[in-house]
Every structure is written in C-alpha cells, then in structure tokens.
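J.: Sequence and predicted structure, then a few things I'm wondering about:
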There are 4 protein chains.
Amino acid sequence: MYRKINLKPPIFEMGLKGYLYGKKALEFAKAADIISKKYEISIIFDPQYVDIPKIVEKTESLYIFAQHMDSVEIGRGIGSILPEALKEAGVVGTILNHAERRIKLSEIYRTIKRADDVGLATLVCADSPQEAAAVAQLNPNIVLAEPPQLIGTGKPVGKLLKDFISETINLVKKINPEIIICSGAGIRNADDIKKIIRLGAEATGSTSAILKADDPARKLEEMIKALKEVWLETHPY
Amino acid sequence: MYRKINLKPPIFEMGLKGYLYGKKALEFAKAADIISKKYEISIIFDPQYVDIPKIVEKTESLYIFAQHMDSVEIGRGIGSILPEALKEAGVVGTILNHAERRIKLSEIYRTIKRADDVGLATLVCADSPQEAAAVAQLNPNIVLAEPPQLIGTGKPVGKLLKDFISETINLVKKINPEIIICSGAGIRNADDIKKIIRLGAEATGSTSAILKADDPARKLEEMIKALKEVWLETHPY
Amino acid sequence: MYRKINLKPPIFEMGLKGYLYGKKALEFAKAADIISKKYEISIIFDPQYVDIPKIVEKTESLYIFAQHMDSVEIGRGIGSILPEALKEAGVVGTILNHAERRIKLSEIYRTIKRADDVGLATLVCADSPQEAAAVAQLNPNIVLAEPPQLIGTGKPVGKLLKDFISETINLVKKINPEIIICSGAGIRNADDIKKIIRLGAEATGSTSAILKADDPARKLEEMIKALKEVWLETHPY
Amino acid sequence: MYRKINLKPPIFEMGLKGYLYGKKALEFAKAADIISKKYEISIIFDPQYVDIPKIVEKTESLYIFAQHMDSVEIGRGIGSILPEALKEAGVVGTILNHAERRIKLSEIYRTIKRADDVGLATLVCADSPQEAAAVAQLNPNIVLAEPPQLIGTGKPVGKLLKDFISETINLVKKINPEIIICSGAGIRNADDIKKIIRLGAEATGSTSAILKADDPARKLEEMIKALKEVWLETHPY
C-alpha cells in the first residue's frame, strides 16, 4: 500500500478500457475533471497509455491510473509497462488483475511491491470475497471486488451483489481496515450507485453504461452527483 | 503488410525496451532524430508507450513504433494496446513477437491484419530461419530474425550468424521479396553493423550496446555512420 | 516431420477433449479400434493423459496421440507434458496449437523439433490458410486447418469452408506436398465427411457430434464408413 | 479444503517433475512405497500424468498427486487436465501454482473449488509468507511456501529460511490452523530435513537432491528416516 497519496472515499473509478482514445478521450477527461471538482469527488481515470501524457497535462483533479502495469525492472522487457516510466509520466496508480487482464498471484504480489517502491497506488481486482481477501493479504490500496457474471451486463443490483459486498467487507477489513473497498459490476445509473454505497462500498465505478450513453459526460455527472448525495447520507459526520 | 509507409532499407531499429524513459528517452530521441537526418538513414524508434506522444511531437525523422500491440478491437480489453489509439498518437508501426514478448501464432496473424487495417507497419521477430519463413507467410513489413542465444550477449558475428542470415534470406525472399530482412543479435559496434549488412541483412539494430555506452548518442551515430557506409559499399547503384 | 510412422490418408481424428474419460473412454476406444480395423481407416485417438496407458494396452489399431505436449527437456518443469514420457507410454504423436490450446509460434517450432527427436508425429492446428502455411514452414506431419467460427457449431459445409480448404491445400502443398491436410470444423454426419473429402481434405475428424450422439460408437462407424466410401470414390486407383 | 482424506503431518512431498518417467518412475515409486510403510510417513508422490495409472496400481501407501490440474469442466478444453479424469485414475490430490507452473489468482481459486467438489486434496505453492497467506484465504489442504531464490540450489538452511517459515506459519495458521505448512527449498540431506521441521514446518520435500543422487531410493530413505526422527523429537506426545 502506497501511503503518500491522498486517495480517500468516496471514489469513482472511470475505466476507459479500449472504448475511448485520442482526442475524444482527452475531451472526456476534461469534462470528468470539471465534474470531479464541482462535486469534490475523487475520480480514478485510466486511459490508454499513449493518451496519459496529454490528460495529465490538461486536467487537475483526476487521479490518473494505468490500466495495467508490469513488475519488470529498468532494463530488458520489450512491450512491458515499466513502473518508473508511468511515475515520470504523472500517473499516480495502477489497476491490476482486472477480469479482462488476469495475472498470476506471484505477479500481483511483485507488482504491488514495485508500485510501493516507485510511489504508485494499486487498485487490485478480485472475482469473489475469498479472492478479495487473498488480494488484501498482499496489501494494495484498493480492492475492487465484482461478481464476474455481472460485469458489463447492466443487471440490477440484487441480493447476489448484496451478500457479495457484505462478505467482501467482512473479510478484507478484518485483514486491513485501511484497504478501500470498491465494487460495482453492472452499474447503470444513479440509483445503482446509491444502492452499492448503501451496501457498504467505499468506491464504485462504471465503464460501458457511461461510454455507451448518448452524452457520456452527462451520464458521468449523474453518477458522481448520486455518489456525493449517498455518501453524505450514509456518512453524515 | 501495410503499404502506405515509405520504409526502405537500410533501416536501424533502436529499441528502448525498459532501459530509458521519460526526459532521458526524449533527449535521446532528439539526438537520434538529428543523426537520422544527418546520415539519411531510417531509424525505427520504440519507446515506452507513455513516452510516445512527446517524442512524436519533438522529432521529425524517426519512425516511431510501439514495442508491442494487441489485436483487440475498440471496446473492452483493459490493459490492452489498442491499434487505433497508437495510430492517433502518431505511431507508424509496431514490433511483434520479440524474444522478450512472445505471442501466439494466431495472435501474430490477427495483429498483422489489424495493423494493416488501421494503417500501421509491422516488424515481427523470429528465432530461426524456419520461424522467419512462418512469419513471412503472415505478410509483415519486416521480419527480424535473430538467434536467441546471441541476443544481448555482444558476441562477435560469426559463422552461426552467417548461416542463419543466409537461410533466412533464402526462405523469406522466396515467399515474398518485399519483406525486409532485419537481423542483428549481439551487435556491439560499427564493425558488427558492417558484417551483418555484408551478410545480406537490409536492416539491423541494437539496444544494450548503445544504451549501456558512456555516450549513447555517440555510440548510435557510430553505428548509423557504419550502416550508411556499408550500405553504399554493398548497394553502389 | 517424424517419418518413421506409417500414417497415411485417409485419416480420422477423434478428439476426446474433456468429454470422455476413465472406463467410458476405454470402452469407446475399444469400439473405435474395432471400427478402424473393420474399415481399414487410420484413426487418431487422443484421450486424457491418465487414460492413455490402458487404451494403449487394450487397443491395436488406433494411433494414440496426446492432446498437447510441451517442448520441455528431461528435468525441471512441473506440470509439463514431457515428450519422452509420452513416447515410453506408447503414444505415437501429439496435437499442437488447437483452438482451445493455442501456443506461441516459438513453442510450436520447438515442440515439433522435440517430437521429431523423440519419435512422435505432430498434428498442428491453424485458424486460416495463412496460418496453415506458416505452420507448414515448421514441417509437421499433419496440418489441421479449420475456420474457428465453425468449430463445435455443426453448421453445414458451405462455400466458406470450400474456399478455406482450397486455399489451405494450395498454400501448404506448395511448401511441402508430404504434409497431410486435415480439415473439418462442424462435421455432423456422413454427408459432411463426404463433402470435406471431396473438397480435397486428406483427413477429417469430429468430437462433439460423436460424443453427444445417443450412441457414439455407432455415430463414429457411420462417419468412418462414409470416409472409406468417399475416399475410394475420390481416389479410385 | 477437501476433508475426506487422511493426510496428516509429517508429510514428505516427492516431486518427479520431468526427471523420471516410465519404468524408472514406477521402480522408484515402488521403492518409495516400501519406505513410506517402513517409517509410517505419508509421501505425496507426483509423477508424469501418463505414469499415474501403473503407479496407482502397483503401490499401496503413496498419496499420488497430479503435478498440476485445470479448473476446466467436463466437455471442451483440449490438452487440459480434467479433475474428474484424475479422480477416476486414482489420484488423490494435486499440486497447484508451483514456481515452475505459476497460475492466475482466479484460476487458483476455481481449481481449489473444483478439487473440493470432485474430491481431491490441494497443495498450493507460494513464493513468500504474504502469498502463502493469500493462498490460505482460498482454503487449500496444504500451503507449500518456499523462497524462489533457493529452489533447486541446495543452499544450506539459514536465517533467511528461518524468518520465512516463522512468518508463513504465523500468517497462515491465524487464517486457518487446519492448513498444513510445507516448506523446503534447497533440501539436500537428512540434516536439512531436521532443520526445516525444527523451524515449525509440518511437511517438506525434495526433488533434485534425491533424483540426482547415485542411489535415489537410498537418498529418499535417508530423508524419510530423518523426518521420522525429527518429528518424534519435536512432537513427543
């Protein structure tokens, strides 16, 4: 866990994956930056690597994360994502082990250690409360636990997710209460955001529902506003 | 094979791998750009992804390649290198299947097709003349064939490499004479460059010998100068 | 290409994958063995590794292949499939690079060489005529080329497959006429077998249509009988 | 954790990897079987897959494990190691995530669940106390924690290993005291066995020191005898 970063709940993770890139990614990042400042909500924003420099330069409030990072050291390793290169480019953290980019247990551990050394936060994904607990033993900043059968489906937040989040919180917080719990498979709208946070999640996010919306920036604002409201409601002091 | 690119022998491939990044990579790229123009030699230059935008902006003559690219389509695929994102960032080609980043045969084929569609050149690596011939069947712009036991060793160019290059040329040119033959494992200096080109290679390159030199730009110039000289000697008309 | 094996067209590849194992796999192997002798048709039969010894012992005519093999040498490599262990167990060949088990280009080459050295035949899969040609450069005994979009679908043999097989034959036979051409994605019945062979394939196969049939042995016999008939029809001398 | 298996410390894990196969593996298994009975020590014995049936048939006391297993379900998945096929072949457990065969975190979890369902024990490897704790969250029968820099080296058991084992025991037993702790990188002889057990390990093992010895069966007996003695010494009641 990298500690020299002021990354506090509530957090919204906005993953671009391969949906948006280039100028359109930059325009959307600028809109997200304004929304982040307006609602005072931390947004983790992870574009394609080649789009990182301009987004770093043109935004102020976003937490720019890499979509993935390797544990490789300075030197050999063509095609690898070097931690030091991300750091110098202004990245503040990285996602690891997403359902679309699973990595080996040993690589998760090595990469978290590399991130700590270089000065990068880590958001590590897991498919189940048990895997979230396993990841928690490796001490990342954030654990993102989602039932894989819900990712990208836009299915309503139901009992399955409720039990899933409760168990994840129980297991992870017992290991280390500082680890931030993120969840949110299938988030479609403001209402889903509120349900997720009321279930105890400290962070959430969405990709497809936002990027496939007619007006992605407006959809993002709708969700961030909901996150602000539900957070004040559930954390009144 | 992407045809709308003016990539002609002799070519020098300067791979940064994870040795150089950030400001130092940019400074070195500027030096390489000047050398490329001075000697009128095409240099393929492949930095860390996050360093690509500034190098594209600050150089004129380099052929900026990605160190790797995925065949993924626009949409899902967190952590993947999206061809369209590279293209919009100003990249003109990609390396594939390097000894440090081997990929599946089916992925080599799909990625070459994606590169063709998006408008990117491909330099595909192989360990043996037979694998170079296999790669040639998939129609890349350049085949880089190197004996893996020589990569990074700095061992002198000997009989092993001579037979290796001859056989590679015979096999690949029979399949498609337009494919450019690159070779060069263990290149240490101007002398090695000359030997490789006299063996029939149309392109060569070096990473460790240059980046571990006291003055990398000077070392690069020494090699580029040798490449120019030996090319004029072996291709007099 | 391992030459000390009398593996001649027409050939039927009967892949068990993970559908059938243990006693049921052995019973089915015995039935296949009888069918192979009755129709004098070579059947490549590839069970789960742990089922190989008893099937080798209890059958006479089948060509027992491994479903996959690694290029690993005697020594380290826990969990790997050692060529020498397969050979001593009575296996006569291995499948490589199936759509459900893609491997790296460099590993295909190394494993074919290991098979040649140890004395095992190789049946290497490819997704396209171009990849079949790439594989042919690495000199396996058999190339199995199938359009991946048809595998396991049971869709009728149509124009797509016709063009696919023609192009595969043209490309592969030009490289090495000794390489046997196998094709057959989506084979459902005797009729499909006949169509495939009339298109020029020298070998074919089926898994799901046979193993999901009410009486797999009967379904297999129906296909082998068709293979015999169509082969005599298309190769009258 | 599969509970219907009587697998109790002290345990010796004898991994054949790809060192020994066929007749020689069977002869060595028979010798190990006699040694296991003579000293009443549980030996986990993991041969090449194709050698499993005969070793199951010809031995009585060994716990035959697979060197690796996949989480694949009955059906597709050519080249995969199907849990049900192992079970029917008489295997009683599987090794997972060895340093020579690392797997993804999500695959470790799925495969442990498959093993539980099918009725197989799991011995899961880890590189560090933290990864051992992560694995413990996924509830295997045995965690094998070894510093990777010591595997296969035959370096003496020193302070590094002492701290490593203490921390592993502390972390794992807090999560689940039923999980058996195995350790032993670089075990060369009887003396190393005694040191490892005195440090608190409940199981240990060796491959290269035994299989490279002039008389492997004698070397194994020397280690098993030491394990028996040190266990009685450290667990007197």
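T.: Good, I have the coordinates. Numbers count the residues shown, from 1 in each chain, chains lettered A, B, ... in the order given.
J.: What strand or helix carries residue A:94?
T.: strand A:93-96 (DSSP states H and E).
J.: anything in that strand near chain D?
T.: No: contact of strand A:93-96 with chain D (C-beta under 8 Å from any C-beta of the partner chain) is absent, the minimum separation being 10.1 Å. C-beta coordinates here come from the backbone N, C-alpha and C atoms, glycine included.
J.: List the neighbouring strands of that strand plus their orientation.
T.: Sheet pairing of strand A:93-96 (DSSP bridges) gives strand A:63-66 (parallel), strand A:121-126 (parallel).
J.: Now do that strand: distance to the chain's middle.
T.: Distance of strand A:93-96 from its chain centroid, counting by C-alpha atoms, centre = their mean, to the nearest Å, is 8 Å.
J.: Helix or strand next in line after that strand, which one?
T.: helix A:105-118.
J.: For that next one, list every residue counted as buried.
T.: By neighbour count on 16 or more other C-beta atoms under 10 Å in any protein chain shown, the buried set for helix A:105-118 is A:105-116, A:118.
J.: Excluding sequence neighbours, find me the nearest residue to residue A:211.
T.: Nearest residue to residue A:211, sequence neighbours excluded (C-beta to C-beta, 6 or more residues apart in numbering or on different chains): residue A:19, at 4.4 Å.
J.: quick one on the thing from earlier: could you work out the most separated pair of the buried residues of helix A:105-118?
T.: Longest distance between any two of those is 20.7 Å, between A:105 and A:118; criterion C-beta to C-beta.
J.: near chain B, which residues of chain A?
T.: So chain A meets chain B at A:15, A:17-19, A:21-23, A:46, A:48-54, A:67-68, A:72-82, A:84-86, A:88-89, A:91, A:95, A:98, A:100-101, A:152 (C-beta under 8 Å from any C-beta).
J.: So residue A:51 lies in a helix, does it not?
T.: Yes: Residue A:51: assigned to a helix according to DSSP: H, G, I helix; E, B strand; the rest coil.
J.: Leaving out chain neighbours, which residue sits closest to it?
T.: Residue nearest to residue A:51 in three dimensions, not counting chain neighbours: residue A:25, with 4.8 Å by C-beta to C-beta, 6+ apart.
J.: what residue ranges in chain A score low on pLDDT?
T.: A:151-157 (pLDDT under 70).
J.: so where do the strands sit in it?
T.: Remark: strands assigned in chain A by DSSP state E are A:11-15, A:42-46, A:63-66, A:93-96, A:121-126, A:142-145, A:180-182, A:203-205.
J.: ok so, going back, and the contacts of the strand holding residue A:94?
T.: A:2, A:5, A:7, A:13, A:15, A:44, A:46, A:63, A:65-69, A:83, A:86, A:103, A:108, A:111-112, A:115, A:120-125, A:140-141, A:144, B:78-79 (C-beta atoms under 8 Å, 6 or more residues apart in numbering or on different chains).
J.: which parts of chain A sit against chain D?
T.: A:97, A:102-109, A:126-128, A:130-131, A:133-139, A:171.
J.: Could you rerun that using 7 Å?
T.: A:97, A:102-106, A:108-109, A:127-128, A:130-131, A:133-135, A:137-138 (C-beta under 7 Å from any C-beta of the partner chain).
J.: Narrow those residues to those that are buried.
T.: Of these, these count as buried by 16+ other C-beta under 10 Å: A:97, A:102-106, A:108-109, A:127-128, A:130-131, A:133-135, A:137-138.
J.: For residue A:92, which non-adjacent residue is spatially closest?
T.: residue A:63 (5.3 Å).
J.: Surely the one you found and residue A:91 touch.
T.: No: counting by C-beta atoms under 7 Å, residue A:63 stays clear of residue A:91, with 9.2 Å between them.
J.: quick one on the thing from earlier: what pairs with the residue nearest to residue A:92 across the strands?
T.: Beta-bridge partners, per DSSP bridges, of residue A:63: residue A:44.
J.: residue contacts, it?
T.: By C-beta atoms under 7 Å, 6 or more residues apart in numbering or on different chains, the residues touching residue A:63 are A:7, A:42, A:43, A:44, A:45, A:92, A:93.
J.: could I get stretch A:8-28 in CSV with only the CA atoms?
T.: The C-alpha coordinates for stretch A:8-28 follow below in CSV (Å, rounded to 0.1, in the frame of the first residue of the first chain):
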residue,chain,number,x,y,z
LYS,A,8,-10.0,8.9,0.2
PRO,A,9,-13.5,7.5,-0.2
PRO,A,10,-15.8,8.1,-1.8
ILE,A,11,-14.1,7.2,-5.1
PHE,A,12,-15.4,6.7,-8.6
GLU,A,13,-13.4,4.6,-11.0
MET,A,14,-13.9,5.6,-14.6
GLY,A,15,-12.2,3.0,-16.8
LEU,A,16,-11.8,3.9,-20.5
LYS,A,17,-10.5,0.4,-21.5
GLY,A,18,-10.4,0.5,-25.3
TYR,A,19,-13.6,2.4,-25.8
LEU,A,20,-12.3,5.9,-26.0
TYR,A,21,-8.9,7.2,-27.1
GLY,A,22,-7.1,10.2,-28.5
LYS,A,23,-8.9,13.5,-28.8
LYS,A,24,-12.2,12.1,-27.6
ALA,A,25,-10.5,10.6,-24.5
LEU,A,26,-8.9,14.0,-23.8
GLU,A,27,-12.2,15.9,-24.2
PHE,A,28,-14.0,13.4,-21.9
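J.: Just the buried positions in that stretch, please.
T.: Here stretch A:8-28 shows A:9-22, A:25-26, A:28 as buried, counting by 16+ other C-beta under 10 Å.
J.: so of those residues, which ones are in helices?
T.: A:22, A:25, A:26, A:28 (DSSP state H).
J.: any chance of those residues in CSV, plus distance to residue D:158?
T.: Shown next, in CSV, are these (distance: C-beta to C-beta, whole Å):
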residue, distance to residue D:158
A:22, 55
A:25, 52
A:26, 54
A:28, 55
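J.: what's the closest of those to chain B?
T.: residue A:22 (3.6 Å; C-beta to the nearest C-beta).
J.: Name the nearest residue to the closest one, sequence neighbours excluded.
T.: Using C-beta to C-beta, 6+ apart, the closest residue to residue A:22 is residue B:88 (3.6 Å).
J.: The one you found contacts residue A:21, doesn't it?
T.: Yes: using C-beta under 7 Å, residue B:88 makes contact with residue A:21 at a distance of 6.2 Å.
J.: Return the set of buried residues in stretch A:183-195.
T.: For stretch A:183-195, using 16+ other C-beta under 10 Å, the buried residues are A:183, A:184, A:185, A:186, A:187, A:188, A:190, A:192, A:193, A:194, A:195.
J.: what's the first-to-last distance across that stretch?
T.: End-to-end distance for stretch A:183-195, by C-alpha to C-alpha, to the nearest Å: 11 Å.
J.: Distance from the chain centre to that stretch, please.
T.: On C-alpha atoms, centre = their mean, the centre of stretch A:183-195 falls 14 Å from that of its chain.
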